[in-house]
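S.K.: next comes the sequence, and after it the predicted model I'd like to discuss.
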Number of protein chains: 2
Amino acid sequence: MADKPAATAATQEGQARAKMGAVKMDDIARMAGVSKSTVSRALSGSPLVNEETRARIQALVESHSYRVDTRAQGLRKGHTHTIAVVIPLLHEHDQPISDPFFLELLGHIADAVADHGYDLLLSKIGPGRTDGMADLVDTGRVDGLIAIGQSTAHLGLERLAARGMPLVVWGAQLPEQHYVTVGSDNRAGAERAVAHLIAQGRQRIVFLGQRTVPEIRLRHEGYVSALAAAGIEPDPALDVPTRFASAAALTAMRSLIAGGSSFDAVFACSDVIAISAIRALQDQGLKVPEDVAVVGYDDIQMAAFYNPALTTVRQDTATGGRLLVDLLFAQIAGRAARSVMLPTELVVRASSGGALSGTTTPGSR
Amino acid sequence: MADKPAATAATQEGQARAKMGAVKMDDIARMAGVSKSTVSRALSGSPLVNEETRARIQALVESHSYRVDTRAQGLRKGHTHTIAVVIPLLHEHDQPISDPFFLELLGHIADAVADHGYDLLLSKIGPGRTDGMADLVDTGRVDGLIAIGQSTAHLGLERLAARGMPLVVWGAQLPEQHYVTVGSDNRAGAERAVAHLIAQGRQRIVFLGQRTVPEIRLRHEGYVSALAAAGIEPDPALDVPTRFASAAALTAMRSLIAGGSSFDAVFACSDVIAISAIRALQDQGLKVPEDVAVVGYDDIQMAAFYNPALTTVRQDTATGGRLLVDLLFAQIAGRAARSVMLPTELVVRASSGGALSGTTTPGSR
DNA sequence: TTGAAAGCGCTAACAG
DNA sequence: CTGTTAGCGCTTTCAA
């Protein structure tokens, strides 16, 4: 960061006269020789306005590229036409982490929100501060909230839901929970993945992930139950907690290796974690999948392109994102919404030794 | 996607009575036995209000967890306290792509925007539709725009800037450009990367990237000039266009290999592209870096964890993001802003054969 | 120090 | 079919 940035040519001149052109509804009305109300009606497609009048107004609107001020409109109509997405993990350790899984989900949410003609406010409010989430709607900035990942915010989310605030969260379904969630079947997904590893003849399987996160806890249950089904006793030494960041996973895996525990497979709670784990393994001269088989979770785009290609539990971000949005709009409209748990799919590629070809794409779809 | 989602328990009840609690400034005023104006003044920290009164008001505000409606406030004050980030590439081929580089940048932008006390609207408007970008501010939804990547929108961006609209774009500095950009020194970055490859003894270097994108065109210039400096004539057969998506890069690389051209190195225009290229190479039994050295661009987090670890040109998203925001606020405040070009840094790791250790971290920082 | 009144730009009754 | 009249919730002169 040494050199100091090189500044170069630029713009600037019409700075102040920016909003100058701001033509408003009254102006259009005057020009069309009608009242503001008529313009408003014409623009909102009301049937009670003369076709000829409407055309005249329309023309004026186009030629002056007038747009109604949604801020004023919202103030009057009582809504904002925007919804907020809160990504807790954007905050892990005070610096933005970037798990590709979330961007994929975010992308689909953005699509769905746009389809509804709404805007999307991206908020950095962490899950610790659910009051901040409440502010977003109390303050009239958004009509509803989508939280990606409940992690430590469970209680706060409960409170928001109790207040009747439109809210949907991506995450796990907890026992007594009163807010709506969308998420994949973490338990079943993990169980299937671990069963697959066992089917490959692996017996000493590492669990790589932090169980304080609800979803991860469920995955751990799946892990345990798959082991149990094969008559394997979980070894506490193979339960390795790690955060979602690459560096954290790398460190965790390295110390496991250094610890000298023996193992022949790793179930990682995200693809990013899996990739870092493989990195650590290979640095120690261990071969994947020959010496250690690895399975990830998420099926991010890069999973298929890693070396070796990653066996992983796919979470369907496309339908997940859309569902999140649909359920939120249902709530906003006052309709009831119920949580849904999406099925997962195990995508077998090279890293688990289950497929010999390089890039395997799942059968379905 | 077969099974059909399993619906489960849920919430719902206080749906309608949601906004019920919506206490407004008038209510607080009444309770405090003062007028709306006084409350407004007290809340905005005006010095012309009795300390005792202010305290009383403050107490009421807290106990009722009242928040001023920013929508109404903005309408009155003439601003929105929110800025929009438009990500064109979110749209490539009608499905959200997820280049981690953009999320990293977005994360930093989000940080900086939050530091200014502003909200961040994430928009999916593509670069083809700059009129849509204009709407965001014409319509009173945001105070200014940050566009990530100018790609095909150059003309449209020019027009917006000419209208005096607060706007900053992440991208390349084009010749006669009138809008403000922040971006890395693409030409120098690429040049250094390719020179490094040449220094490793490579002579036939593939250029992997689409030159229709301004930044990429500059990188190509850097590529050519590095070759020229070594007395190497660029071979058109080694100029391989590809989009930023993993799949596209994979395909491009595969057909290059199938085409039978000989080459011993690849300069990829993004890390995601580099990763896919390596994948294609290895699928054909070619070893990286032994047979083919590869250099990427961006230094996304995963670059250090790939196998082999990626040599790449780092773009500093942290200062980039902050600069983008600072320059935008300068414009909003009516101050002049000039484009800035950030220096880049070559991070040498294993994929180029320049480093033997696994995960090498750059010297600086 | 505080209140009254006039809007910000728009929509929604309520009369024509 | 169209105009008038009130506001949505807040800030800001202008007076007191």
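M.R.: Nice, I can see it.
S.K.: OK, contacts around the residue nearest to A:A22 when sequence neighbours are not counted?
M.R.: Counting by C-beta to C-beta, 6 or more residues apart in numbering or on different chains, B:D138 is the residue found nearest to A:A22 once chain neighbours are left out, at 7.6 Å. From N, CA and C alone the C-beta is placed, and that goes for glycine too. Applying C-beta atoms under 8 Å, 6 or more residues apart in numbering or on different chains to B:D138 gives the contacts A:22, A:65, A:67.
S.K.: number of nearby residues for A:S246?
M.R.: When neighbours are counted by other C-beta atoms under 10 Å in any protein chain shown, A:S246 registers 23.
S.K.: that one contacts A:S276, correct?
M.R.: Yes - at 4.6 Å, A:S246 and A:S276 qualify as touching, with contact defined as C-beta atoms under 8 Å.
S.K.: joint contacts of these two?
M.R.: In contact with both A:S246 and A:S276: B:F305, using C-beta under 8 Å, 6+ apart.
S.K.: neighbours of the nearest residue in space to A:M165 that is not next to it in sequence, how many?
M.R.: Using C-beta to C-beta, 6+ apart and skipping the chain neighbours, the partner closest in space to A:M165 is A:V137 (5.9 Å). Per other C-beta under 10 Å, the neighbour tally for A:V137 reads 24.
S.K.: and A:E176, by the same measure?
M.R.: A:E176 has 6 nearby residues by other C-beta under 10 Å.
S.K.: that one should be in a helix, yeah?
M.R.: No - assigned with DSSP: H, G, I helix; E, B strand; the rest coil, A:E176 falls outside any helix and is coil.
S.K.: what residue ranges in the stretch 201-350 of chain A are flagged as low confidence?
M.R.: Judged by pLDDT under 70, the stretch 201-350 of chain A has no weakly predicted residues.
S.K.: do the stretch 1-150 of chain A as well
M.R.: For the stretch 1-150 of chain A, the stretches with pLDDT under 70 are A:1-21, A:89-98, A:126-128.
S.K.: just the helices in it please.
M.R.: Along the stretch 1-150 of chain A, the segments classed as helices by DSSP state H, counting those that start in this stretch run A:25-32, A:36-43, A:51-63, A:70-77, A:100-115, A:130-138.
S.K.: closest one to B:Y297 among those?
M.R.: Smallest distance to B:Y297 across the helices of the stretch 1-150 of chain A (C-beta to C-beta): 17.4 Å, for helix A:100-115.
S.K.: contact partners of that closest one?
M.R.: Contacts of helix A:100-115 (C-beta under 8 Å, 6+ apart): A:83, A:85, A:87, A:89-90, A:119-120, A:122, A:146, A:148, A:170, A:270-272, A:298, A:300-302, A:315, A:317-318, A:320-322, A:324-326, B:90, B:95-98, B:100, B:102-103, B:122, B:124.
S.K.: now it against helix B:100-115, angle please.
M.R.: Taking axes from the mean of the first three to the mean of the last three C-alpha atoms, to 10 degrees, helix A:100-115 and helix B:100-115 form an angle of 70 degrees between their directions.
S.K.: for helix A:100-115, buried residues please.
M.R.: By 16 or more other C-beta atoms under 10 Å in any protein chain shown, the buried positions in helix A:100-115 come out as A:100-113.
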